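Q: predicted model, plus sequence, below.
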Amino acid sequence: MAHVSIRETLLVLAALLISGLVTVVVLARDGSPETRWRFEFGSPVGAGPAIHSGIVYSGSEAGGVAALDAPTGEALWEASVDATPRGLIRTDGTRIYFRTDEGDVFALVAATGHLAWRVSVEGGVNTPLLSGDDVIVASRRGEVFALDAATGEERWLTDSGRTLRADPALVGSQDEVVAVGDIGGRLHTFAADSGEPLGEELLGDEFAGPPLATGSGLIAALRPAIVAVRDDDTKTWRAETGEPNRLPMVEQAGVLYVDASPDLLAINVATGEMLWRYTSPALVVTFGIGETLAVAGMHTGEVHGIDLATGERLWRYRTNEAVRGAPVIDDAAGLAYFGGRDGVLYAIEIGAAGE
């Protein structure tokens with residue numbers, strides 16, 4: 001029988017200890033959050049989620065729309081529309097508003113799901129905005145108009161004269177300006193209360209997503225880059241992303257978070273410096289930002305939790321198909337909500353901020 005020295009025994013024990021520590025680190029890094037609840041729509045989730053006063057609203061491609069109790073997932077009401085809800089859901093607590101693939105803008109009563117009004121727009125529409133008592137819409141064929149939020153009646157209409165595929169946004173110090181980019185790289189601005197054209201500026205590339213207001217101007221989401229523009233129309237920086245930037249950007253604590261599929265980027269708002277780039281084998285198709293982490297949905301069905309300070313992955317969660325809709329994060333409750341092509345709306349436990 002071969003003799004095993006004390007030194008060899010210690011080396012083996014050390015290797016086992018290191019292996020165990022590595023396993024713990026990997027599990028901690030890639031551990032999956034617990035599922036709080038699942039709501040089965042039965043067809044791909046195409047609209048939302050949105051959360052307001054403890055209620056989550058979402059819709060499916062088959063026309064199902066539901067209001068769910070945020071902590072429990074209990075259905076408060078379910079409704080059906082004869083169209084395909086798509087994109088972000090807006091709500092003022094009285095009604096919820098969303099667009100459809102067929103070119104409609106719907107308003108449903110938030111408490112019951114009953115139809116408040118419906119407006120059909122030739123050529124299709126982008127995601128509606130809420131501005132005071134108005135719902136502002138940009139049509140794909142170039143019109144920008146405001147509808148009364150209570151009745152759906154038209155309040156004003158103007159025409160940009162350009163094809164508008166990117167979503168509009170509210171900018172200005174008091175969200176008093178509607179800004180929308182066209183496929184020719186022009187940024188159009190209108191007074192939110194009247195629709196009066198305020199101007200247009202050629203930024204050089206096709207707009208892929210909505211602009212974002214900053215303290216000194218706005219940031220434009222172009223197809224290959226992000227451009228910061230001051231209130232005097234002076235460009236301050238341009239960050240090359242190399243990929244379309246379709247999703248709404250998020251600014252928090254001086255950092256801009258941008259999708260540049262297949263990656264998620266963190267950019268210094270003041271300088272345009274790239275702080276980190278999160279890259280994974282899976283394509284980032286959507287994301288949401290909380291106080292300390294980003295929740296990114298992948299085309300493979302994975303959801304990744306990403307540390308906002310470092311860009312490092314904290315955990316992974318697996319669904320059955322591609323994630324759809326921007327995840328919504330409730331930091332106080334420690335929950336993230338998102339839907340998928342598997343027809344399920346998920347609530348997962350990510351931990352309350354500060355834990």
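A: Perfect, I can see it now.

Q: output stretch 216-229 as CSV, restricted to C-alpha atoms.
A: Listed next in CSV are the C-alpha coordinates belonging to stretch 216-229 (Å, rounded to 0.1, in the frame of the first residue of the first chain):
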residue,chain,number,x,y,z
SER,A,216,-29.0,70.2,-19.9
GLY,A,217,-30.7,68.9,-23.0
LEU,A,218,-31.5,65.5,-24.4
ILE,A,219,-29.9,62.2,-25.5
ALA,A,220,-30.8,60.8,-28.9
ALA,A,221,-31.0,57.0,-29.6
LEU,A,222,-29.8,56.5,-33.1
ARG,A,223,-29.3,53.3,-34.9
PRO,A,224,-25.5,53.0,-34.4
ALA,A,225,-24.8,55.5,-31.7
ILE,A,226,-26.0,57.7,-28.7
VAL,A,227,-25.7,61.4,-29.1
ALA,A,228,-26.0,64.1,-26.4
VAL,A,229,-27.5,67.4,-27.4
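
Q: state the mean pLDDT of stretch 156-169.
A: Over the span of stretch 156-169, the pLDDT mean works out to 94.

Q: okay, buried residues for it please.
A: Neighbour-count burial for stretch 156-169 flags Trp156, Thr158, Ser160, Arg162, Leu164, Arg165, Ala166, Asp167, Pro168, Ala169 (criterion: 16 or more other C-beta atoms under 10 Å). Where you see a C-beta, it was placed from the backbone N, CA and C, and this is true even at glycine.

Q: and if you look at stretch 102-109?
A: Residues Gly103, Asp104, Val105, Phe106, Ala107, Leu108 are the ones in stretch 102-109 that count as buried (16+ other C-beta under 10 Å).

Q: name the element the fifth one belongs to?
A: Yep, that's Ala107 we're talking about. Taking DSSP states H and E as the criterion, Ala107 maps to strand 104-109.

Q: how many neighbours does Glu153 have?
A: Burial of Glu153 is recorded as 11 neighbouring residues (other C-beta atoms under 10 Å).

Q: compute the number of surrounding residues for Val328.
A: The local packing of Val328 (other C-beta under 10 Å) involves 22 other residues.

Q: picking that back up, pull the most distant pair out of the buried residues of stretch 156-169.
A: Taking C-beta to C-beta as the measure, these span a maximum distance of 22.1 Å, between Trp156 and Arg165.

Q: so what's the closest residue to Pro248 other than its chain neighbours up against?
A: Distances taken as C-beta to C-beta, 6 or more residues apart in numbering place Pro210 nearest to Pro248, at 5.5 Å, with adjacent residues excluded. Listed by C-beta atoms under 8 Å, 6 or more residues apart in numbering, the contact partners of Pro210 are Thr127, Ala166, Asp167, Pro168, Ala169, Ala179, Val180, Gly181, Ala221, Pro248, Met249.

Q: now swap in Thr163 and tell me
A: By C-beta under 8 Å, 6+ apart, the contact set of Thr163 is Arg140, Arg141, Gly142, Asp182, Ile183, Gly184.

Q: returning to that earlier point: ok, then the element right after the strand holding Ala107?
A: Using DSSP H and E, the helix or strand that follows strand 104-109 in sequence is strand 115-120.

Q: partner strands of that next one, with direction?
A: strand 104-109 (antiparallel) (DSSP bridges).

Q: chain center to the partner strand, what's the gap?
A: 20 Å (C-alpha atoms, centre = their mean, to the nearest Å).

Q: same deal with stretch 192-207?
A: The answer for stretch 192-207 is 23 Å, by C-alpha atoms, centre = their mean.

Q: contacts for it, please.
A: Under the contact criterion C-beta under 8 Å, 6+ apart, stretch 192-207 has outside partners 131-132, 134, 136, 144-146, 156-158, 160, 165-166, 170, 175-178, 180-191, 220-225, 227, 229, 233, 235.
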